[in-house]
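[1] Dropping the sequence and predicted coords here.
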Amino acid sequence: MTHLKSIAGCGGKVSRSAGSLPAYSGESPEISGARRSFLQQSTMGFGSMALASLLQSDGNASDTGLQQSHGALDQFHVAPRAKRVIFLFMAGGPSHVDLFDPKPKLNELDGKEIPPRLLKDHQQFALIRGTPSLKGSPYRFAPRGDSGTVISELMPHLATVADELAVIRSMKTDTNVHDPGVNMLNCGTQLFGRPTLGAWLSYGLGSDNQDLPAYIVLTSGANDGQPLLQSFWGNGFLDSRHQGVPFLSGAQPVLHLANPAGVTTARRREQLDLIRWMNERQHDALGDPEILSRVAAYEMAFRMQASVPELTDLKSESKETLTLYGADPAKPSFANNCLLARRLVEDGIRFVQLYDRGWDSHTNIEHEHKRQCGAADRPIAALLTDLKQHGLLEDTLVIWGGEFGRTPVAQVSGKTYGRDHHPHAFTMWLAGGGVKRGVTYGQTDEFGYHVTENAVHVRDLHATILHLLGIDHRRLSVAVQGLDMRLTGVEDARVVRELLA
Amino acid sequence: MPTPDDFGAQGAMPTHPALLDWLATEFVTSGWNMKGMHRLIVTSATYRQSARITPGLRQRDPRNVLLARMTRVRLPAEQIRDQALAVSGLLVRKVGGPPVFPRQPEGYWQQRALPGEWKDSSGEGRYRRTMYTYWRRMALHPSLELLNAPARETCVAQRDISNVPTQALVLLNDPIFSKAASVLAARLIREVDGNDEAKLARAFRRVLGRLPQDAERARFLAYVARQREDLNTHPVATAALAESPKANGSVDHAVWALTCSVLLNLDETITRP
């Protein structure tokens, strides 16, 4: 076990003090040094050796839990409150003024031109041209649960678990363009080519389940929504084994799990040993770190053949559970994905990201948001309920939100109206591990246009999420071409302590 | 130029502007000769460099912006499949015609609540070049999707290429790839009179375009011998691994089908150069 012990500390290149200057290195750090020697040292093949069980049986591992998980960090910076994350990403941008942030004044002045003062210091709208009119919300809002958390009638099921939520009404982001906005919320920057939150966590904390990827992506929703890009679950400059692995929606989330007829598990193992031997030779000759990622991917594929079928078999869930979620195992849906997400975190998956498309309601928001909420409301409430029943909510962080909100002004489109992209103020919520229950944080102005109190920039949210997972956002960094790159970048980011339980 | 799909304000600056100017001038003076430009580029010393990444190069230019080596690129989805079909001899080289429907997992299309049905092509439609595959944005052929083929919702000048376990499962288990391995195995048995060594050399030549090195030969021959021994003592239904009537069910065919599948799964096989 000694060599396995030594890899656990392979975070040697993670800078642990903000002042230290790591050696210049353009590659992701784990490629060199420890990981490579780990691969070379475990000469018996870590598939055939069943590395996972070997690691799990290591009774001497410290109680931090990090020694077993192959993360770059060898200890937490702060006591972790959550072990894993489910990120419910409402792609396109849900409307805060129709869901969580009621504005009587907006309703009162419905149809009046937008006051010019709101437009000061403000880039132009994404699509609206000219001077738009204020648009009130047609939905009834009410305080819900004991906490009185306000949720609109579009999400009646979520209202039943309102006391679990920490609603942040004062979110801000830097752009009103979709893809850069998604990058902001995932990577802390509008730029492409950076690691996403899930990749950072896979890198920093590793995995608690060696038989499945640490970062799994599930997609659903309207096909006419904004396209989802691979970079939405990308690894950026980290090793590609940290990238999200998309499962397909539907009855078979992972295809081709069965070997061809005649290929027994033992024969497959021998094939893989030979593939791996050849690939490692290729790596020795060329030095390309992607080859080692491929070796790891093939080994993971082998283990997934055993682990995935049972895991993804939603039919094994009770009828009550399926009804709770509104899930039909035979048909792809956001509901199935929520249920699968619970099963995944139950199995120790670090980061499960659900993308639900179709929230980008420019033209007929009343129809579209009803459709989206109709498909998402019940499963989300079910997920929180189910996590709680399984005792998972206390150490699973659930994040809900989109890349921005929607404008309090109308984007008129024939007889209907929609709302444009709105980055200056929007709502997200957190629930679960280490998060205060039943609170509403931050305030926007009388129109829901600008944040007036307790602004939470995306960077602050990231700092808070990392904090909940035991990480100081300033100390999880990777040296890339002379820069210490981190999720929160170089600008100030604060842990929003008011949200912590 | 790292952002071929964005020459605008957010695009990256060209890394070798003088070279770019020279190439542009060459292109014009050649009479806009596209093939000539391709030849000029692919026969250049820069293009023909080794892809070896020395520690020094990795330090100084991790992303190979300055082109001191060849950049390794995993093949696109279509080429990975086409290559497997071509090396086995399955590939139908017919040009043009309506799209084809190569086999995909049963029910995949229906699950996506699409009208109509995906009816697997029979005959040559199974083995046409992948570019002829019916392309439906809402339900792209799943093996292509898993290998990063874009749905074509937007124009993609440069594909995101991932490296994840679900891709390994396609290359190992998708019936088209096991079929290709099996057909290549039948072909080795049919066409190569010699011993295992000769068959192995042919298999390497076909899949990797080179002969095995000594260590590789020894390792592969040991593998072949071990599989043969195993299959002789524990016979399994080898029919599934067999495609040619002649080789049908033979232990030898099964042994080579397993070996060819290994070759089709190597990093070297699916990566250029």
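    Structure received.
[2] how about chain B, which residue sits the furthest from its center?
    residue B:29 (36.0 Å; C-alpha atoms, centre = their mean).
[3] show me where pLDDT drops low in the stretch 151-273 of chain B?
    The stretch 151-273 of chain B contains residues with pLDDT under 70 at B:235-249.
[4] Show me what from it comes close to chain A.
    Within the stretch 151-273 of chain B, the positions near chain A by C-beta under 8 Å from any C-beta of the partner chain are B:151, B:153-154, B:160, B:162-170, B:172-175, B:178, B:215-216, B:219-220, B:223, B:226-227, B:230, B:236-241, B:254, B:258, B:261-262, B:265-268. To be clear about C-beta, it is placed using only N, CA and C from the backbone, and glycine gets the same treatment.
[5] Filter the residues you listed down to the buried ones, PyMOL style.
    Provided next is the PyMOL selection string for whichever of those are buried by 16 or more other C-beta atoms under 10 Å in any protein chain shown:
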select buried, chain B and resi 151+162+163+164+165+166+167+168+169+170+172+173+174+175+178+216+219+220+223+227+230+236+238+240+241+254+258+261+262+265+266+267+268
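[6] Which of the residues of the stretch 151-273 of chain B next to chain A fall in strands?
    Using DSSP state E, no member of these falls in strands.
[7] Tell me if stretch A:464-483 is near chain B.
    Yes. Against chain B, stretch A:464-483 shows contacts by C-beta under 8 Å from any C-beta at residue A:481.
[8] average pLDDT for that stretch?
    Average pLDDT, stretch A:464-483: 92.
[9] Could you say whether residue A:424 sits in a helix, a strand or coil?
    Of the three states, residue A:424 takes coil under DSSP: H, G, I helix; E, B strand; the rest coil.
[10] neighbours around the spatially closest residue to residue A:480 that is not a sequence neighbour, how many?
    Closest residue in space to residue A:480, ignoring its immediate chain neighbours: residue A:237 at 4.9 Å, by C-beta to C-beta, 6 or more residues apart in numbering or on different chains. Look at residue A:237: counted by other C-beta atoms under 10 Å in any protein chain shown, it has 20 neighbours.
[11] how does the chain divide up, domain by domain?
    Reading this off chain A. According to automatic domain parsing, chain A comprises the domains A:84-253+A:328-499, A:260-311.
[12] try chain B instead
    Split by automatic domain parsing, chain B gives B:17-71, B:74-167, B:175-272.
[13] all helices in chain A, in order from the N-terminus.
    Taking DSSP state H, the helices of chain A run over residues A:2-8, A:34-41, A:51-56, A:96-99, A:104-108, A:156-159, A:178-187, A:197-205, A:265-286, A:289-311, A:319-325, A:334-346, A:365-389, A:458-468.
[14] next one: chain B
    Counting by DSSP H, the helices of chain B are B:17-29, B:34-42, B:55-60, B:77-88, B:108-111, B:142-146, B:165-173, B:175-191, B:196-208, B:214-233, B:251-264, B:267-270.
[15] Tell me the helices and strands packed up against the fourth one.
    Using 3 or more C-beta pairs under 8 Å, 6 or more residues apart in numbering or on different chains; DSSP states H and E as the contact definition, the elements that helix B:77-88 packs against are helix B:142-146, helix B:175-191, helix B:251-264, helix B:267-270.
[16] How about the longest one?
    Other elements packing on helix B:214-233 under the criterion 3+ C-beta pairs under 8 Å, 6+ apart are helix A:265-286, helix B:196-208, helix B:251-264.
[17] now those helices as JSON lines including distance to residue A:170?
    Output for those, formatted as JSON lines (distance: least, C-beta to C-beta, whole Å):
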{"stretch": "helix A:265-286", "distance to residue A:170": "49"}
{"stretch": "helix B:196-208", "distance to residue A:170": "58"}
{"stretch": "helix B:251-264", "distance to residue A:170": "54"}
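[18] Packed most tightly, which of those helices would that be?
    helix B:251-264 (a mean of 25; mean count of other C-beta atoms under 10 Å in any protein chain shown).
[19] how many degrees apart are it and helix B:165-173 in direction?
    Put simply, helix B:251-264 runs at 150 degrees to helix B:165-173, going by axes from the mean of the first three to the mean of the last three C-alpha atoms, to 10 degrees.
[20] Can I get helix B:251-264 in CSV? Just the C-alpha atoms.
    These are the backbone C-alpha positions of helix B:251-264, laid out as CSV (Å, rounded to 0.1, in the frame of the first residue of the first chain):
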residue,chain,number,x,y,z
VAL,B,251,-10.9,-20.8,-32.7
ASP,B,252,-8.3,-19.2,-34.9
HIS,B,253,-10.8,-16.7,-36.1
ALA,B,254,-11.9,-15.8,-32.6
VAL,B,255,-8.3,-15.3,-31.6
TRP,B,256,-7.7,-12.9,-34.4
ALA,B,257,-11.0,-11.1,-33.9
LEU,B,258,-10.0,-10.3,-30.3
THR,B,259,-6.5,-9.2,-31.5
CYS,B,260,-7.9,-6.9,-34.2
SER,B,261,-10.3,-5.3,-31.7
VAL,B,262,-7.3,-4.5,-29.6
LEU,B,263,-5.6,-2.8,-32.6
LEU,B,264,-8.7,-0.8,-33.5
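[21] chain center to that helix: distance?
    Offset of helix B:251-264 from its chain centre (C-alpha atoms, centre = their mean, to the nearest Å): 18 Å.
[22] Repeat that for stretch A:326-345.
    Distance, centroid of stretch A:326-345 to centroid of chain: 16 Å (C-alpha atoms, centre = their mean).
[23] now stretch A:446-455
    25 Å.
[24] And that stretch, what's buried?
    Buried residues in stretch A:446-455 (16+ other C-beta under 10 Å): A:447-451, A:455.
[25] Now render the residues you listed as JSON lines, adding distance to residue A:417 and pLDDT.
    JSON lines is the format used below for the buried residues of stretch A:446-455 (distance: C-beta to C-beta, whole Å; pLDDT from 0 to 100):
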{"residue": "A:447", "distance to residue A:417": "16", "pLDDT": "97"}
{"residue": "A:448", "distance to residue A:417": "16", "pLDDT": "97"}
{"residue": "A:449", "distance to residue A:417": "17", "pLDDT": "96"}
{"residue": "A:450", "distance to residue A:417": "21", "pLDDT": "96"}
{"residue": "A:451", "distance to residue A:417": "24", "pLDDT": "97"}
{"residue": "A:455", "distance to residue A:417": "28", "pLDDT": "98"}
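[26] Which of these sits closest to residue B:123?
    residue A:448 (60.9 Å; C-beta to C-beta).
[27] Leaving out sequence neighbours, find the closest residue to the closest one.
    Residue A:448 sits nearest to residue A:97 (C-beta to C-beta, 6+ apart), 4.4 Å away.
[28] Isn't the one you found up against residue A:405?
    Yes. Contact status for residue A:97 versus residue A:405: in contact at 7.5 Å, counting by C-beta atoms under 8 Å.
[29] tell me the contacts of residue B:170?
    Taking C-beta atoms under 8 Å, 6 or more residues apart in numbering or on different chains, we find residue B:170 in contact with A:255-256, B:143, B:146-147, B:177.
[30] Cheers, nothing more for now.
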